[in-house]
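In: What shape does this take:
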Amino acid sequence: MLEDEFTAPLYKTVLHRPSETDIFEKYVIGPLPISVSKINQWVSSFTLCIWAVLVWHALPKFDLAQPLSIRHLAVVGITVLFGGLMLYRGKTHEGSHEHVVNKRATRIL
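Out: The predicted model follows:
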């Protein structure tokens, strides 16, 4: 209620974009209701698939009659390690989401 008197209508001002008439601007490069988190997950999945194909192509053929290759073991070990880290350490914070408020006191001398 005191906002207009002391700071002007800062929190009462609403900004919006003008309506676009250009189809390319409106549907291709303009803002869309897309989830940034989901886009990152899809990009990560795509990158993982590309790397899996590259590793499959780069490693020598696996033969059970041959002794285990250190390269095969390293790839499997690193994959299991980081897969476990993503599953167990990549979760969101489950603790309290409450904010801490401290009221500052001022004094004029």
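In: Low-confidence bits of this structure, can you list those?
Out: Scanning the chain for pLDDT under 70 picks out 1-4, 6, 8-10, 12, 62.
In: longest helix of it?
Out: For the chain, the helix with the greatest residue count under DSSP state H is helix 36-58.
In: Pull out the CA atoms of the next helix or strand after that one and give them to me as CSV.
Out: The helix or strand immediately downstream of helix 36-58 is helix 70-89, counting by DSSP states H and E. Only the C-alpha atoms of helix 70-89 are listed here, as CSV (Å, rounded to 0.1, in the frame of the first residue of the first chain):
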residue,chain,number,x,y,z
ILE,A,70,42.3,-53.5,-19.1
ARG,A,71,40.5,-51.1,-21.5
HIS,A,72,37.3,-53.1,-21.3
LEU,A,73,37.6,-53.2,-17.5
ALA,A,74,38.3,-49.5,-17.3
VAL,A,75,35.3,-48.6,-19.4
VAL,A,76,33.0,-50.9,-17.4
GLY,A,77,34.3,-49.7,-14.1
ILE,A,78,34.1,-45.9,-14.9
THR,A,79,30.6,-46.5,-16.3
VAL,A,80,29.4,-48.3,-13.2
LEU,A,81,31.0,-45.7,-11.0
PHE,A,82,29.5,-42.7,-12.6
GLY,A,83,26.1,-44.4,-13.1
GLY,A,84,26.0,-45.0,-9.4
LEU,A,85,27.1,-41.5,-8.6
MET,A,86,24.3,-40.1,-10.8
LEU,A,87,21.7,-42.3,-9.2
TYR,A,88,22.7,-41.7,-5.6
ARG,A,89,24.3,-38.2,-5.6
